[in-house]
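[1] Dropping a prediction and its sequence here:
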Amino acid sequence: MEKFTRHSGKCVPLYQPNIDTDQIIPKQFLKRIERTGYGEFLFYDWRFNSDGTESESFVLNDARYDGGSILIAGANFGCGSSREHAPWSLTDHGFHVIIAPSFADIFYNNSIKNGLLPITLDEQIVAGLADKASNDPAYNLTIDLEEKTVSDATGVIASFEIDEFRRHSLLNGLDDIGLTLQHASAIAQYEDRRAAQTPFLAY
Amino acid sequence: MVCEEAGKPILLYIDLQLVHEVTSPQAFEGLRLNGRKVRRPERTFATVDHAIPTINRNLPFNDPIAAKQVETLRKNCKDFGVRLYDMDRIEQGIVHVFGPEQGLTQPGMTIVCGDSHTSTHGAFGALAFGIGTSEVEHVLATQTLQQNKSKNLLIQIDGSLPFGVTPKDLILGIINRIGTSGGTGFVIEYAGKAIEDLSMEGRMTVCNMSIEAGAKAGLVAPDQKTFDYIEGKTFSPKDEDWERSVEFWRTLPTDAGTAYDQTVEIDAGQLEPYVTWGTSPEMSVKVTETVPDLGDARDENQRKSFERAFSYMGLEPTQRIDTINIDRAFIGSCTNSRIEDLREAARVIKGYSVSDAVNAIVVPGSMQIKRQAEDEGLAKIFTDAGFEWRDAGCSMCLAMNEDILKEGERCASTSNRNFEGRQGRGGRTHLVSPSMAAAAAITGHFVDVRNWKFKD
């Protein structure tokens, strides 16, 4: 897992509800067998016209938002397919944080596994952040995972909740599989116990 | 549950992992890089479904990148000792069709797959959910997952589904009611007479789209129908083990009087055939209704979503559903590609021809279903009517292969997602049941299949 402690960056507003993983990265880019290099395909159908030229109205094509690393999005972000290519494309493009009123479960998990921090805040706060980022493309936020706070130039503007275990894993960049393998004997005992209790089950 | 420590997620043992070509290559590569092996290859089964062609399989793939992905899965399965049901096998099919069909899916199991529609297997009273590639690797290496407990949502569906109203309409109606994030953070249990009355395949259709309501998983208590469906399948318990397994499975249903975190009640008798009009599965109406008006939006956000959807879908507010003409019809996907779905569609199609304006395809969920449909004469009904009859795979549900909508084309689809671009960039998807898709393919526009003149 990628380590995450504190991040400061420019906000990119994309405040629509139900942005699904088919929008984040369309299916034709899921055939590659690598984990990297998906950034150029991020929001592909929104970023590019069918003739391959850039769509002028899309926020990622607005030079004022170049280098933005905090995405401000609408509710139920990341719904749909389980493709981890979605967080891969977001991180590869340079995003470190997504702030939204809610996230789809699988996307939320996948993001954390990749050091991309999904932050859930009240709808009104997120709408306010989206407004600020829309009006001021230089609007910056600082996310402190240690303190669980979101700050701008005026100071702390919101606190957020995150599961303690996930926070700990992110702060320390822990290897999930390595951690679980520390329980290898418990897993083996479980398997033995199950085999003894329900030997009739097919497998 | 393997172990539980305060302040940490529980370590959940995974009984079965299904693997396919698209979400697994990076997971196997991760194992390789760390010198790890697959802990329990006998609990891991692979097939190919997402990116493979459904036509001309004797020829090399037209798409070299998809070919490499399939080749990679073959190598990974060989290197790590995982059974692969490849394109030359009768068992090959969509992961969520293949698992139940082979008897791999059994009550009380924990089942995962790098695919969000893993919720399908909940129809057997299994806890089944989709995971990302990092978690696929975690399960391959440890046969466990770190999990937090979900809340429970009971969806109680009393009454009976009226004539012409299918399991697909039931789940579209549920999503219409609770919304695409109505199930977020929950595992849904579907219960009530309407669920008990459903066949196993109908229950699979309902559980399949739990993810479209945002739920982690959806499940149905196992009953005699469940056991009858599993009995005699390749991987089901046999002889004396079978008797003992059934006895064990009978203890699994939720205790009477259990408290749920939330309950939704639905009267099956009020349901009608549904058609989605927008770009989210919750944007649906009954076939007798019209596309909504902007004034129907509950708030400014939804109003904006409606406007965007009208524009993308090329529809007018308050347009009647039966005035929507289609260019394509797709009968298939892990939602609706099983033998009962094909029978339902064939019954409508029998004696009719596909509209000249429509290109229609049927993609069975597995090669075994394909063969069964051919044996039952269904394939002939489809091909006589002008449907293309394909080999098994995900096909146009997500359009990773060549089965794809062109810009602006409108499709009556039995699949599960109507997102922008889902079936092809600029493509317009309307989610419906197999019988509704069949009727639309013939008339060239949506019709209320309850008024269909069957030519039996």
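    That came through, no problem.

[2] Go ahead and flag the most central residue of chain A.
    Nearest to the geometric centre of chain A sits A:Ser111, at 3.9 Å (CA atoms, centre = their mean).

[3] Show the pLDDT at that residue.
    We have a pLDDT of 97 for A:Ser111.

[4] Surely it touches A:Ile98?
    Yes. With contact defined as CB atoms under 8 Å, A:Ser111 counts as touching A:Ile98 (7.0 Å). For every residue, glycine as well, the C-beta is placed using N, CA and C.

[5] what sits in contact with each of those two?
    Residues touching both A:Ser111 and A:Ile98 by CB atoms under 8 Å, 6 or more residues apart in numbering or on different chains: A:Leu90, A:Leu117, A:Pro118.

[6] Cross those residues against strands and list the overlap.
    A:Leu117, A:Pro118 (DSSP state E).

[7] okay, the shared contacts of A:Ser111 and A:Ile98 in a markdown table with pLDDT next?
    What follows is those, written out as a markdown table (pLDDT from 0 to 100):
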| residue | pLDDT |
| --- | --- |
| A:Leu90 | 98 |
| A:Leu117 | 98 |
| A:Pro118 | 98 |
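
[8] For the stretch 251-400 of chain B, what lies in contact range of chain A?
    B:Ser280, B:Asn301, B:Gln302, B:Lys304, B:Ser305, B:Arg308, B:Leu398, B:Ala399, B:Met400 (CB under 8 Å from any CB of the partner chain).

[9] From the residues you listed, which land in helices?
    B:Asn301, B:Gln302, B:Lys304, B:Ser305, B:Arg308 (DSSP state H).

[10] Give me the buried subset of those.
    B:Asn301, B:Gln302, B:Lys304, B:Ser305 (16 or more other CB atoms under 10 Å in any protein chain shown).

[11] In the ones in helices among the residues of the stretch 251-400 of chain B next to chain A, which has the lowest confidence score?
    Taking those together, the minimum pLDDT is found at B:Asn301 (87).

[12] what's near enough to touch that residue?
    A:Pro17, A:Gly74, A:Ala75.

[13] re earlier: residues touching the residue nearest to the centre of chain A, list them.
    Residues in contact with A:Ser111, defined by CB under 8 Å, 6+ apart, are A:Gly78, A:Pro87, A:Leu90, A:Ile98, A:Phe103, A:Leu117, A:Pro118.

[14] next one: A:Leu129
    A:Cys11, A:Pro13, A:Ile72, A:Ile99, A:Leu121, A:Leu141.

[15] cool, and B:Ser134?
    With contact taken as CB under 8 Å, 6+ apart, B:Ser134 is in contact with A:Glu84, A:Asn110, A:Lys113, A:Asn114, A:Asp176, B:Ala27, B:Gly30.

[16] Would you mind listing what in the stretch 51-200 of chain B touches chain A?
    B:51, B:63, B:65-66, B:68-69, B:72, B:103, B:106, B:114-116, B:130-135, B:137-138, B:141-144, B:146, B:148, B:180-181, B:184-185.

[17] What is the longest helix of chain B by residue count?
    Max-length helix for chain B by DSSP H is helix B:64-80.

[18] For chain A, which segments are assigned as helices?
    Using DSSP H, helices in chain A cover A:21-24, A:44-47, A:85-93, A:105-113, A:123-135, A:164-172, A:176-181, A:184-197.

[19] need the helices for chain B, in chain order.
    B:25-33, B:64-80, B:95-101, B:133-142, B:167-178, B:193-197, B:200-208, B:224-230, B:239-249, B:300-313, B:339-349, B:367-375, B:378-385, B:434-443.

[20] Buried ones in stretch B:193-208, by neighbour count?
    Buried residues in stretch B:193-208, counted by 16+ other CB under 10 Å: B:Ala194, B:Ile195, B:Leu198, B:Met200, B:Glu201, B:Gly202, B:Arg203, B:Met204, B:Thr205, B:Val206, B:Cys207, B:Asn208.

[21] ah, wrong one, I meant stretch B:9-16
    In stretch B:9-16, counting by 16+ other CB under 10 Å, buried: B:Ile10, B:Leu11, B:Leu12, B:Tyr13, B:Ile14, B:Asp15, B:Leu16.
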